[in-house]
Every structure is written in C-alpha cells, then in structure tokens.
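Asks: with the input below, show me the fold.
(chains A, B, C and D)
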Protein chains: 2
Amino acid sequence: MALPQVSVGRPATIHDIAAVCGVAPSTVSRALSTPERVNIRTRERIQAAAVELNYTPNSQAKALSSGKTGAVGVLVPDITNPFYFDLIRGTQLQLKAAGYTQLLVDTEESDEVEASAIQQLRKSADGLIVGASRLTDEALLAASAAMPLVAINRDVPGVPAVIIDTPAATGQALDHLISLGHTRVAYISGPVSSQSNARRWDALSEAGKERGIDVVRLGPFAPKTQSGAAAADTAVHSGATACIVFNDLIAIGMLQRLRERGVRVPQDMSIVGCDDIFGADFCNPPLTTMSSPIEQAGRVAVTMLLAQLDPLRGGGTRTRSVMPTHLTVRASTTAAPAPMAPPAPRLHKPGPGPLTGGARP
Amino acid sequence: MALPQVSVGRPATIHDIAAVCGVAPSTVSRALSTPERVNIRTRERIQAAAVELNYTPNSQAKALSSGKTGAVGVLVPDITNPFYFDLIRGTQLQLKAAGYTQLLVDTEESDEVEASAIQQLRKSADGLIVGASRLTDEALLAASAAMPLVAINRDVPGVPAVIIDTPAATGQALDHLISLGHTRVAYISGPVSSQSNARRWDALSEAGKERGIDVVRLGPFAPKTQSGAAAADTAVHSGATACIVFNDLIAIGMLQRLRERGVRVPQDMSIVGCDDIFGADFCNPPLTTMSSPIEQAGRVAVTMLLAQLDPLRGGGTRTRSVMPTHLTVRASTTAAPAPMAPPAPRLHKPGPGPLTGGARP
DNA sequence: AATTCACTGACAACCGGTTGCCACAATGTG
DNA sequence: CACATTGTGGCAACCGGTTGTCAGTGAATT
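Replies: Down below sits the predicted model:
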C-alpha cells in the first residue's frame, strides 16, 4: 500500500503529458476538463499518463486563462478574537467541501486595510466573505457591485448578508434579568465602529422602554478580555446589579476583575455575555450568554456566496439570511440583591453555589 | 479626504496603462518593478497613470511568469483547536508584515489530506509551514526537498523546524507535583499520530525514572474537551492523585467532568495541562500548565521560511529553532491527599475554594 | 458515388504579466 | 569625423493552462 507521498522534481504540466502521449497540449487539457470532447481511447491514455506523472494542474495558470481562481477571501477584523475562530472554522469547512481554497485576511479593525485587501482580492479570489465590515455603507455596496460578496453581521440594502440576530436575544436577556428582580441594568458597549454594537444597543434600549426599565449604556470598550477590568469597575460604580455585555470576551474579563474586587458573581452582580464563544461554558462562573450559531453563519455565508458564483445551481439566490439566537442561562446570573441594600461586597467568602433564591419582584 | 474605496469596472492592466501613456506594456512592467531601468520622465508618467487607473497587479499572472506566488501555505491538523489559533495568529501577523498572503488549510488530522494539500500547494505557494505534521519522516523529508518548508513541533533530520520544547517543561511539572507530595502521577496521552505526544511521554517517563516515581500512561485520547470526560474517569479509576495532561483542551474537559463527579480539583486530584491556550487562565480552577510561546513559534517559523525563500537577506539560515517553555502554576495543583486514604470522592459539596492547605510531604 | 455530418485532434490566440535581446539615439572618446 | 559606449524603449517568447476555429476522417444519408 502506497503511503501518502509528495512527488519530487519539476511538477508535470500538460505539455509533458502531451509529449508522452504524442498529442497536442490542448487535447490533454480537454481530456481532463471536457472528457466527452475526446475519443475514449486517447482520453484514457492521457488520463493514465496524468496519474503516472503525478500531474496537478497549476492553479495560477488555470486562474489566468479561465478567470476563476477557486479561492474565496475571508476578511475578519481580528483573528485574535475567538468569535472569528468559529466563523473561520465554518467558512473553512464549507469552502473545502466545495473544493475552494480560503484566503484568510485580518483587516486589523481598519477600514483602509479592509478596502485595500478587497482591492487586492478582486483578482485573486472569486468571491469574498466579509465579517463585521468596518467600511461605510456606500463603500461596502460598491465592493459588492465589483465582485460577489457576502457580508456577515452587516446590514446594508443591496448587499447579500448573513445577520446573526443578537438584537432579538437582547429582549430575552432583559426579560431573564427582570424576572430575577433586576431593575438597574447596564449595557457594556463594544467598539463604536461595530454595527452589531449599535444594533444590540438599539434593541436593548427599546426593549427596556417597553418594559419600563431604564438601561444605562457604559463604555465603549475594546472587544478584548483586558477591557473587562475597566468595564467591571465602571459597572460597579454605576450601581447596576446586572450587565448585558457586548461580547463574551469582555464579559469574561469582567468576571475576573469582579472576583479580584470581591464582588461576587452572580450574587452581587449578574452578567450576561454575547456570542457563546469557546470558554463561555467553562469560565468561573459559567457565563449566561446569548448563543449565536457562529460557525453555521460562516457556512451559510459560503453557501450564499457559491450560489452567487454559480447561479445555475444556486436555485433561488437568497440575499439575506437571519440566524436566530437564544439565551443560554448558566451560572453568571441570579436574583438581584435586596432592593435597598447597597451593591457593595458583603461576606466575601464563596457562597454555597449559584442559582439560589427565586425572583423577588 | 478620500474614504477607502473599491474601484468599479474591469480592473486595469499594464496594457491599459501602456495605451494611456503611449508606451509598450513591457515598459510599464519595468517602470513599476525595475524603476531604474526606465527614464525618469516616462517612469513618472506611467506611475501617475497607474495610480490614476487604480492599477493593482494581477497576482496570478505575476505568479505564472515569475514563479513567485507571494503566498505561504499554513497547514494545521485541526483549526478547531485553540492551540492552532495562536499559531495561525503568529504566522498571519508575520506573513502579513512581510507582504505575503496566508493560505490556511485544515488537514483534518489525516496524512493523506496533508500530502494532497502539499502537492496542491507546491504550485500555488512559495513555501509551507506545517504544524504538527502527520506524515512519516520520509514523506516530510521528501516534501521538504520539493519546496521550502518549515515544520512546527516535528523533529526530522534535514527538515527545518521550530520545536516547542514541552518535554523540558515536563520535568518541571513533575518536580512541582513531587514537591507537593504526589507519588502516583498519570500521563493523559494525546493522539498516537502526534509526535509531540510521543516526545512528551518519553521525557516524562524518563524524568519519572530519574526521580524514582512511577508515571502511568493512560489513553490515548482525542485532543478535544469532550475527551476530558473519559480521561477524567480513567484517571480517577487509576488511583493517581495527579495528572499531567497532553494538552489544555483535554485538561479543561477533565476539570468539568471531575466537578460533575464530585472529585475536587485540586484537593482530590491535581491537574497539569500543556500549552496555556486561551481559556487556561479563566477556567475553574485556573489551570496549572506548561506555557508555550505558540504565537511566537508561528512568527519564528515564518522568519525561517522567508530566510529560505530569500537566501540573500536571510543571513545565517537557521534550520532548527527550539522554543523554551516553562511551568505556569495556577490553582489546579496542590498538595497530595493523605497518602493512605483512598482517592474516592468525599463530601461532594463545593469546597471553600482553591489553594487551601499547604504541602503535606 | 456524391454529399452531409458528427467526431476528433491540432493550431493559435489569449489571460496579464516578466524578461532576454536588440535597435536606436544621444553622448563620450580618440 | 569615425567609432565605442551608455541609456531607453520595443519586440517577442514564455509561464501553463483554456477555448474558438478549422481540417481531416469515417460513417450515414440521399
């Protein structure tokens, strides 16, 4: 049994095969890409020679002449962020399944880097998946006009997009907190350039109005665990008994800081994260969070993009897909502290466990 | 001030520029890539036109004629694994800084997929970075002969490599446990196809012999948090009071399972992980682990690869780089339970918190 | 037997650059 | 003033495929 092997020497080309078989290169090309166009006998000779010589088509050359690169660019603002890991995993798996190569680019949260990456990728990719674009609506629309593109978490009319509907879960999260007796709720804001952040806040403050709860907005904070310290301090100072946090990264950072400060979570302060990233289930305490099907969003984005690339198979080309989210309740939320008592730390010894006590309206 | 923008319409080529400037395409090519070869006046006319037309060179065409693709393939067994996130981040950052594009490929822990990916990438990348290769030594050597390549955590004579020296930290970890009074230590094994796993075990069992401690080997287990449950059960059954675990993923899974079973960490069982991945510092309890400079390893690998690609600048081409590691002690290790008492679960209620009690020799 | 037609393979242009070589002009040298 | 030298730009081949077009062959049709 042959072990997986990599051939040595100069890679074979169709010219080599043509020479071996005594035919023209064009015939070789057809034998491999349009087999029915070539007589079965020569075809089989050619195919045998191709296997023999370990022929692999040169994707550059193929791209040059056919215009198709077989690659899809995936742009994310920050590969450092676990949220995008899940997204990248989803796109990678689905692209690979479809025979495409993924070109991963980190746009460093910069609209300029993003624009130049898109410009560059216009030639070297068949399509683009743009996560949480920092471009203006106009620029994104222009990019979408220039080449097949699917945006993720970016809602611009005319641009195909996959939207993770965290704003919807926002109402669930607030209801959850209200039912636990919380009346002073803070929203820990993410970066201002993030449209997701804006949409989440809009939905949350709207939900607050409907329910007669005043939600205060704190921040903005960078979407990193390190920002959690500042966020936690601000939250404590605000007097809120519960926080809904832009994302799990900041939330996890807050958890650590609150512990350092002796503020018990969830007894003194309830925390709701967003995204349900890797780690949200095993941090301490496990985080109540709005679960997003991130990986699935990546897959759906690829499916939508491929439908654009190949309109024949694509069936009805959907241009917008909204992914549902839901609240996952773990141990970082519980009943609000007694209404009139200050939210200051009390006994400062680990409590008997989470989820004690019921709702105190 | 112009906003970042993407041009519309057909991308400009050197032929367009040549037409505008009334020169030959070859002159345009030279004006842009070998400026001193062209008269300054025409050069400037051409450069102005290039900017004007928003010219971006077609990387496919450039690759075809020059043989350089400006891309580097990065192969990892499983993008799902946070360990590789750090690696990918390191390579991405460094490649980007050097003007290269990263082609990310998931080889699905399969030697066949890996070999075919390498074969494919021979044409479309200038070099390769192969994380934790599953190939045989011979196949990897052959691949390395066929194209510039740097392996990570794979030690094959003749193949340039970056080795993260976790075996060294293994001794430190064992000393740490011994000083805490542990005498029954288990090694939770990773996948058999992983050379890192073999090297870690060899170093650990050797260190055990030197110190007169018998280390038992349990497993193998897949490197996923889910495997932690089985690993935890096996470990408890083995009677060990401390485990050194193949990687943090499994270790974190064990933490969860042990909690479910009422086995307290670290009082009843100490756990040492490996890699110090994202999450190791905020899981419950925070994990004592062997910290690896993973991101830096990725960067070093890129540097070594680029030195191979461009021997002029590379200076002394190092072919092997060993990255030091160290033990990071957090809260998942403490003194061994009383020697003769069975390690069975006791009170089965959450303990007062980590880090109680001192060493009991 | 003459005509038509499907089948098959070769030729050549093209994708967008790079690069070796040559021609021509301007300048320097004897 | 003749000749060598240097600076510039163009021509054309090439990288490795794809694809439109055409010619030759043999079989089917009339």
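Asks: what residue ranges in chain A are flagged as low confidence?
Replies: Applying pLDDT under 70 to chain A picks out residues A:1-8, A:311-317, A:339-361.
Asks: repeat the analysis, applying 50 as the threshold.
Replies: Chain A contains residues with pLDDT under 50 at A:1, A:341, A:343-361.
Asks: quick check: residues of it near DNA strand C?
Replies: For chain A, the contact set with DNA strand C under C-beta under 7 Å from any atom of the strand comprises A:22-27, A:37-43, A:61, A:64-65. Where C-beta positions appear, they are placed from N, C-alpha and C, glycine not excepted.
Asks: what helix or strand is A:V236 on?
Replies: For A:V236, the element it lies in under DSSP states H and E is helix A:227-238.
Asks: now the residue nearest in space to the middle of chain A: closest residue in space, sequence neighbours ignored.
Replies: Centroid check for chain A by C-alpha atoms, centre = their mean gives A:L87 as the closest residue, at 3.5 Å. The shortest distance from A:L87 to any residue other than its chain neighbours is 4.5 Å, reached at A:G298 (C-beta to C-beta, 6 or more residues apart in numbering or on different chains).
Asks: is it fair to say A:L75 lies in a strand?
Replies: Yes: counting by DSSP: H, G, I helix; E, B strand; the rest coil, A:L75 is located in a strand.
Asks: what number of residues lie near A:V28?
Replies: A count of nearby residues for A:V28, using other C-beta atoms under 10 Å in any protein chain shown, gives 27.
Asks: that one reaches A:I17, doesn't it?
Replies: Yes: judged on C-beta atoms under 8 Å, A:V28 makes contact with A:I17 at a distance of 4.8 Å.
Asks: burial measure for A:R217, as a count.
Replies: A:R217 has 13 nearby residues by other C-beta under 10 Å.
Asks: quick one: residues contacting the spatially closest residue to it that is not a sequence neighbour.
Replies: Nearest residue to A:R217, sequence neighbours excluded (C-beta to C-beta, 6+ apart): A:Y187, at 4.9 Å. Counting by C-beta atoms under 8 Å, 6 or more residues apart in numbering or on different chains, A:Y187 touches A:200-201, A:204-205, A:215-219, A:243-246.
Asks: and A:Y187, that one's in a strand?
Replies: Yes: counting by three-state DSSP, A:Y187 is part of a strand.
Asks: that one pairs with what?
Replies: With DSSP bridges as the criterion, A:Y187 is bridged to A:R217, A:I244.
Asks: any chance you could list what contacts the helix holding A:V236?
Replies: With contact meaning C-beta under 8 Å, 6+ apart, helix A:227-238 is reached by A:184, A:186, A:188, A:216, A:218-219, A:221, A:243, A:245, A:249-258, A:261, A:263, A:269, A:343.
Asks: one more pass at 7 Å, please.
Replies: The list of residues contacting helix A:227-238 from outside it, by C-beta atoms under 7 Å, 6 or more residues apart in numbering or on different chains, reads A:186, A:188, A:216, A:218-219, A:221, A:243, A:250, A:252-254, A:256-258, A:263.
Asks: just stretch A:209-222 next, same as before
Replies: With contact meaning C-beta under 7 Å, 6+ apart, stretch A:209-222 is reached by A:174, A:178, A:183, A:185-192, A:201, A:204-205, A:208, A:227, A:230-231, A:234-235, A:238, A:240, A:250.
Asks: give the buried residues for it.
Replies: Neighbour-count burial for stretch A:209-222 flags A:213, A:215, A:218-222 (criterion: 16 or more other C-beta atoms under 10 Å in any protein chain shown).
Asks: biggest separation within the residues you listed, which pair?
Replies: Between any two of these, the greatest separation by C-beta to C-beta is 27.1 Å, found for A:I213 and A:A222.
Asks: how about the helices in the stretch 151-300 of chain A?
Replies: Secondary structure of the stretch 151-300 of chain A by DSSP state H, counting those that start in this stretch: the helices cover A:166-179, A:195-211, A:227-238, A:248-261, A:294-309.
Asks: can you name the residue of the stretch 151-300 of chain A nearest chain B?
Replies: A:N284 (3.5 Å; C-beta to the nearest C-beta).
Asks: spit out the contact partners of the nearest residue to that residue once chain neighbours are set aside.
Replies: With C-beta to C-beta, 6+ apart as the criterion, A:N284 has its nearest non-adjacent residue at 3.5 Å, and that residue is B:N284. Taking C-beta under 7 Å, 6+ apart, we find B:N284 in contact with A:282, A:284, B:255.
Asks: between these, which is nearest DNA strand D?
Replies: Within those, the smallest distance to DNA strand D is 48.5 Å, found for A:F282 (C-beta to the nearest atom of the strand).
Asks: show me what the closest residue to that closest one other than its chain neighbours is bridged to.
Replies: Nearest residue to A:F282 in three dimensions, chain neighbours excluded: B:C283, at 4.8 Å (C-beta to C-beta, 6+ apart). Using DSSP bridges, the bridge partners assigned to B:C283 are A:C283.
Asks: which of the residues in the helix holding A:V236 are buried?
Replies: Buried-residue list, helix A:227-238, by 16+ other C-beta under 10 Å: A:227-232, A:234-236, A:238.
Asks: correct me if wrong: A:S291 contacts A:M323.
Replies: No: assessed by C-beta atoms under 7 Å, A:S291 is found out of contact with A:M323, at 10.6 Å.
Asks: tell me, what's touching the two both at once?
Replies: Counting by C-beta under 7 Å, 6+ apart, no residue touches both A:S291 and A:M323.
Asks: measure the nearest residue to A:T303 once chain neighbours are set aside to DNA strand D for me?
Replies: Distances taken as C-beta to C-beta, 6+ apart place A:Q94 nearest to A:T303, at 6.7 Å, with adjacent residues excluded. Per C-beta to the nearest atom of the strand, to the nearest Å, A:Q94 is found 24 Å from DNA strand D.
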